[in-house]
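Peer 1: Requesting a structural model of the entry that follows:
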Amino acid sequence: MSKINKISVIGAGTWGTTVAKILSEKGFNVVIWAREAEVINSINLKHENEIFLKGIKLPKKLKAVHNISDAISESKLLINAVPTQYIRTTLTSYGIAFKGNIILSLSKGIELKTFERPSEILYQIFKKPTYVLSGPNFAIEIANKMPAATTIAGPDRAERKKLQKILNCKYFRVYENDDIVGTELSGALKNVIAIAAGMCDALGLGNNTKAALITRGLNEIRKFGKKFGAKDITFLGLSGIGDLLLTCNSKISRNYSVGYNLGKGKKLKEFIQNTTHIAEGIKTSKAVYELSKKIGIEMPITNEVYYVIYHSKKPEDALKSLMSRRLKSEF
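Peer 2: Next comes the predicted model:
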């Protein structure tokens, strides 16, 4: 990677804005693209993203733009923060325009219909080396400079080390690994398990149930990931068990909140229409359900989350289905 004169962040949601803040505070020239005019005005005029990261002051030099071409022009590093299901439609027209040499993705999910991971979608669009950042990272805590750790995965170790240095700061510790498949699939599937965890808590099922769910959920993620060549050790790392524990145990998790509301008997449309944040686990549960059927792998927790979301199955009945499955060996 040549000298970084400009970094473009595509997507000014909570996480995209936080990463842009880190980089801008480190002295990089950062331009962030936002779809919403109110977000652009808020960042440029008030130095705050009042829609997605309210109350957090942003560096005055951080610039927001509405035109993606303006964001990526002369940029050496493009950071994708667009939700997985919208990456292709948002960025396809700009593949040739980006003259930099590396892509870093912050998205977590699996695209419907194609069943592709964010890095795969981005590589198809830009034909550039693609890396991913994933870990137990709630944006609001990191934006408030609370200590956190994450990992960058991708094909070339030298480039990973450079990205590691670019992102690392005194409150955000960055590791690196070479398992992009395991890192991305862990980040995607943990959102599905988090929806189940939210339902557990809403039903008042207790600590034993939650511990069993997270443990079997990790096994489900691992089983799925290994089918696509992921490494076992990845699931014990930050993007694996680290992210899973965080997302399953916090009320500020979007996916946990989806499950909690479903567990309380609310309809999905009732609460997602009142939020500006996207819970990736909703669409990911459908993608993983369909893909698991296609490749013939058993995903019991994912199946039940899918049926609750897309077929209005009652969470209590989903629990009964899980508990009445045939007995088997643990490993």
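
Peer 1: so where do the helices sit in the stretch 51-200 of the chain?
Peer 2: Ranges of helices in the stretch 51-200 of the chain, per DSSP state H, counting those that start in this stretch, are 68-72, 87-91, 118-126, 139-143, 157-167, 180-202.

Peer 1: Can you tell me which of those is most buried?
Peer 2: helix 180-202 (a mean of 28; mean count of other Cβ atoms under 10 Å). Where you see a C-beta, it was placed from the backbone N, CA and C, and this is true even at glycine.

Peer 1: model confidence over it, on average?
Peer 2: In this model, helix 180-202 has a mean pLDDT of 98.

Peer 1: Show me what the helix or strand that that helix is followed by is packed against.
Peer 2: Remark: after helix 180-202, the chain's next helix or strand is helix 206-227, criterion DSSP states H and E. For helix 206-227, the packing partners by 3 or more Cβ pairs under 8 Å, 6 or more residues apart in numbering; DSSP states H and E come out as helix 180-202, helix 243-248, helix 281-295, helix 300-311.

Peer 1: Among these, which comes closest to residue 226?
Peer 2: helix 180-202 (8.3 Å; Cβ to Cβ).

Peer 1: In a markdown table, list the helices and strands packed on helix 206-227 along with distance to residue 171.
Peer 2: A markdown table is the format used below for the helices and strands packed on helix 206-227 (distance: least, Cβ to Cβ, whole Å):
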| stretch | distance to residue 171 |
| --- | --- |
| helix 180-202 | 21 |
| helix 243-248 | 16 |
| helix 281-295 | 27 |
| helix 300-311 | 33 |
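
Peer 1: so which of those comes closest to residue 114?
Peer 2: helix 281-295 (8.9 Å).

Peer 1: between the helices and strands packed on helix 206-227, which one is nearest to residue 67?
Peer 2: Once the helices and strands packed on helix 206-227 are compared by Cβ to Cβ, helix 281-295 is nearest, at 27.2 Å.

Peer 1: same question for the closest one, mean pLDDT?
Peer 2: On average, helix 281-295 scores 97.

Peer 1: report the angle between the axes of it and helix 206-227?
Peer 2: For helix 281-295 against helix 206-227, the angle by axes from the mean of the first three to the mean of the last three Cα atoms, to 10 degrees is 50 degrees.

Peer 1: Now helix 281-295: buried residues?
Peer 2: For helix 281-295, burial by neighbour count (16 or more other Cβ atoms under 10 Å) applies to 281-289, 291-292.

Peer 1: quick one: the closest residue to residue 14 other than its chain neighbours from residue 253, how far?
Peer 2: Nearest residue to residue 14, sequence neighbours excluded (Cβ to Cβ, 6 or more residues apart in numbering): residue 139, at 4.2 Å. Look at residue 139 and residue 253: by Cβ to Cβ, to the nearest Å, they are 11 Å apart.

Peer 1: now residue 286
Peer 2: Residue 286 sits 19 Å away from residue 253, going by Cβ to Cβ.

Peer 1: Kindly report the same for residue 57.
Peer 2: 24 Å.

Peer 1: Neighbour count for the two, which is higher?
Peer 2: residue 253 (23 against 11; other Cβ atoms under 10 Å).

Peer 1: contacting residues for the more buried one?
Peer 2: Applying Cβ atoms under 8 Å, 6 or more residues apart in numbering, we find residue 253 in contact with 138, 194, 198, 246-247.

Peer 1: go again using 7 Å as the cut-off
Peer 2: By Cβ atoms under 7 Å, 6 or more residues apart in numbering, residue 253 lies in contact with 194, 247.

Peer 1: Residue 155 too?
Peer 2: Residue 155 makes contacts with residue 129, as judged by Cβ under 7 Å, 6+ apart.

Peer 1: Same check on residue 79?
Peer 2: Neighbours of residue 79 in contact, by Cβ under 7 Å, 6+ apart: 7-10, 19, 104, 106.
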